[in-house]
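Undergrad: Give me a 3D structure for the following:
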Amino acid sequence: MDKAEPDSPPEPRQASDHLILGIVAAYACAFVAFGLLVDGPATVLRGLVEIVATRDALLTDYFGIGGKGAACVNAGLLTLAACIVYYRSAAKMSGSAVACLFLVLGFGLFGKNILNIWFIVFGVFLYCKFKGEPFAAHINTAFFGTALAPVFSEIAFSTTLPLGIALPLAVTTATVIGFVLVPAAAQLFKAHMGFSLYNMGFTAGIVGVLVVALYKSYGFVPDPVMIWTSGYNPLLGGFLLALFVSMAAAGYWLDRDIVARMLQIMRMSGQAPTDFVSLVGFGPVLVNMSLTGAIGVGYVLLVGGDLNGPVIGAILTIVGFAAYGKHPRNIVPIMIGVFLGSLAKPWSASDPSGLLAALFGTTLAPIAGRFGWHWGIVAGFLHSSAARSVGSVHGGLNLYNNGFAAGIVAAVLAAVIIAIEARRNAQPAARDE
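TA: Down below sits the predicted model:
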């Protein structure tokens, strides 16, 4: 973990766990209120029913399934439910926890709903009971692990299986997935050494490959999904702007020494685990969340992309991980690398895959933070290709497809960079002998 600089400001003002959780819950409530405002209760209720009963494989934009109101309400309610679980388990509100809850909020717009995540969470709970460990110790893994929530929906709402078989099979599969995620995530973290922040994306990709391979061997093949909406940029852009302004204001209210704290954050590589909340306090983290979110929206608008469920989910993922590794200095090189990759390939930066690769690809931010902006551009360039190629192996059932691709990129690229640097550092030492 990065250490504070010797000339850093005094000890940060630490917010209580209840305050941090309350602020996250307030943003979840904002999504509920916004959803009810734009579509009305009756339309939202009908849309929620559609969302819960749909297949959720990539890429299923809930704006196109239940409408923008229902999608936002689903995201808000799901995050509020997760906040209650965090509160009841007395979990520490670390940077990782903030990232996890904003991930739930973002993916509540595409792929995760108020039904399909809970059996994976329950599986992690059973693992904790089995090991005699508190659930709070693995609660982040439980909710990060809902990357595989589409497995439940895909099986439960399968048209090839009778409900009497499909529902118990979905429950059992999701529970087993949750049970194995904790040890699998701990082991697979070693492969990329923290240079990809979405460790669960890498883990869920590996587990998803096994699940899909197993079911394919019995003739159950997931069908690809592509639901992508457009035309909401002014409305959703205004909503996101209001959220980010409020974050910056709340951050300044919590800690007036924002400039020095932000400089402190910018000097950190972001290599996991780097908990900005514990290192600088929650006030500066909120400002960092605001800035990184604005950069994400700015990129989408600059390349002519759409603001919809998946894209806002990706932006909120950036915002969440601004508490745990991301900051403006280490995410921009990744975005530039993905953009350059789009120029060299037969697809546009505004295409769905290119847009999501640039936003979710910021999981590789620690490479730019640790090794320099030029390596960040290389990482983004490689990721622009990898993210388009790995989805078929897990059948779209891992919502963190970019996390899976980035884990592969980080595992290979970081090892190569370290070897190059070791060679470079060894040459002056040899000449000095």
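Undergrad: contacting residues for residue 411?
TA: Residue 411 makes contacts with 191-193, 196, as judged by Cβ atoms under 8 Å, 6 or more residues apart in numbering. (C-beta placed from N, C-alpha, C; glycine too.)
Undergrad: what's the spacing between it and residue 34?
TA: 39 Å (Cβ to Cβ, to the nearest Å).
Undergrad: Tell me which other helices or strands the helix or strand hosting residue 368 touches.
TA: Using DSSP states H and E, residue 368 sits within helix 365-371. Judged by 3 or more Cβ pairs under 8 Å, 6 or more residues apart in numbering; DSSP states H and E, the packing partners of helix 365-371 are helix 328-343, helix 373-389, helix 401-432.
Undergrad: Format the CA atom coordinates belonging to it as CSV.
TA: Output of helix 365-371 as CSV, limited to C-alpha atoms (Å, rounded to 0.1, in the frame of the first residue of the first chain):
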residue,chain,number,x,y,z
ALA,A,365,-5.1,2.5,-13.7
PRO,A,366,-2.4,1.1,-11.3
ILE,A,367,-0.2,0.3,-14.3
ALA,A,368,-0.1,3.9,-15.2
GLY,A,369,0.2,5.0,-11.6
ARG,A,370,3.1,2.7,-10.9
PHE,A,371,5.0,2.5,-14.2
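Undergrad: Identify all contacting residues around that helix.
TA: In contact with helix 365-371 (Cβ under 8 Å, 6+ apart) are residues 194-197, 268-272, 274, 321, 325-327, 329-334, 375-377, 379, 410, 413-414, 417, 421.
Undergrad: Check stretch 106-113 too.
TA: 31, 51-52, 56, 58-63, 71-72, 74-79, 104, 146-147, 149-150, 153, 308-310, 312-317, 320, 399.
Undergrad: please redo it, this time with the cut-off set to 7 Å
TA: By Cβ atoms under 7 Å, 6 or more residues apart in numbering, the surrounding residues in contact with stretch 106-113 are 51-52, 56, 60-62, 71, 74-75, 78-79, 104, 146, 149-150, 309-310, 312-314, 316-317, 399.
Undergrad: Check stretch 13-24 too.
TA: So stretch 13-24 is contacted by 83, 86-87, 92-93, 98, 101, 250, 254-255, 281-283 (Cβ under 7 Å, 6+ apart).
Undergrad: Would you mark the buried spots in that stretch?
TA: Across stretch 13-24, burial judged by 16 or more other Cβ atoms under 10 Å covers 14-15, 17, 20-21, 23-24.
Undergrad: So which of the residues you listed sit within helices?
TA: 17, 20-21, 23-24 (DSSP state H).
Undergrad: what's the closest of the residues you listed to residue 291?
TA: residue 23 (16.8 Å; Cβ to Cβ).
Undergrad: Is residue 256 part of a helix or strand, or is it coil?
TA: Put simply, residue 256 is coil when judged by DSSP: H, G, I helix; E, B strand; the rest coil.
Undergrad: cool, and residue 93?
TA: Secondary structure of residue 93, per three-state DSSP, is coil.
Undergrad: Pull the contacting residues for it.
TA: Contacts of residue 93 (Cβ under 7 Å, 6+ apart): 17, 20-21.
Undergrad: Tell me the spacing between it and residue 14.
TA: 10 Å.
Undergrad: Residue 279 too?
TA: Residue 279 is 10 Å from residue 14, by Cβ to Cβ.
Undergrad: what about residue 246, neighbour count?
TA: 16 (other Cβ atoms under 10 Å).
Undergrad: So which residues of the stretch 201-350 of the chain form helices?
TA: Applying DSSP state H, counting those that start in this stretch to the stretch 201-350 of the chain gives helices spanning 233-254, 258-266, 276-280, 282-302, 309-321, 328-343.
Undergrad: Return the member of the ones in helices among the buried residues of stretch 13-24 nearest to residue 245.
TA: Closest to residue 245, out of all of those and judged by Cβ to Cβ, is residue 23, at 14.5 Å.
Undergrad: and the closest one, what pLDDT?
TA: Residue 23 is assigned 98 on the pLDDT scale.
Undergrad: ditto for residue 4
TA: So residue 4 comes in at 43 (pLDDT).
Undergrad: Please apply the same query to the one 5 residues further on.
TA: You'll see residue 9 listed with a pLDDT of 60.
Undergrad: Likewise for residue 221?
TA: 67.
Undergrad: now the one 10 residues further on
TA: According to the prediction, residue 231 has pLDDT 94.
Undergrad: and the nearest residue to residue 59 once chain neighbours are set aside, how far is that from residue 387?
TA: Nearest non-adjacent residue to residue 59, counting by Cβ to Cβ, 6 or more residues apart in numbering: residue 226, 5.5 Å away. Distance, residue 226 to residue 387, by Cβ to Cβ: 15 Å.
Undergrad: quick one: which of the two has more around it?
TA: Taking neighbours as other Cβ under 10 Å, residue 226 and residue 387 compare with residue 387 leading, 26 against 12.
Undergrad: Any stretches of this protein with poor pLDDT?
TA: Along the chain, the parts satisfying pLDDT under 70 run over 1-10, 159, 221, 427-433.
Undergrad: how about the helices of the stretch 1-150 of the chain, start to end?
TA: 17-39, 41-52, 62-65, 68-88, 95-107, 118-131, 139-144, 149-156.
Undergrad: and the second one, what other elements does it pack with?
TA: Right, the one you point to is helix 41-52. helix 62-65, helix 68-88 (3 or more Cβ pairs under 7 Å, 6 or more residues apart in numbering; DSSP states H and E).
Undergrad: okay, the ones you listed, which one's buried deepest?
TA: helix 62-65 (a mean of 26; mean count of other Cβ atoms under 10 Å).
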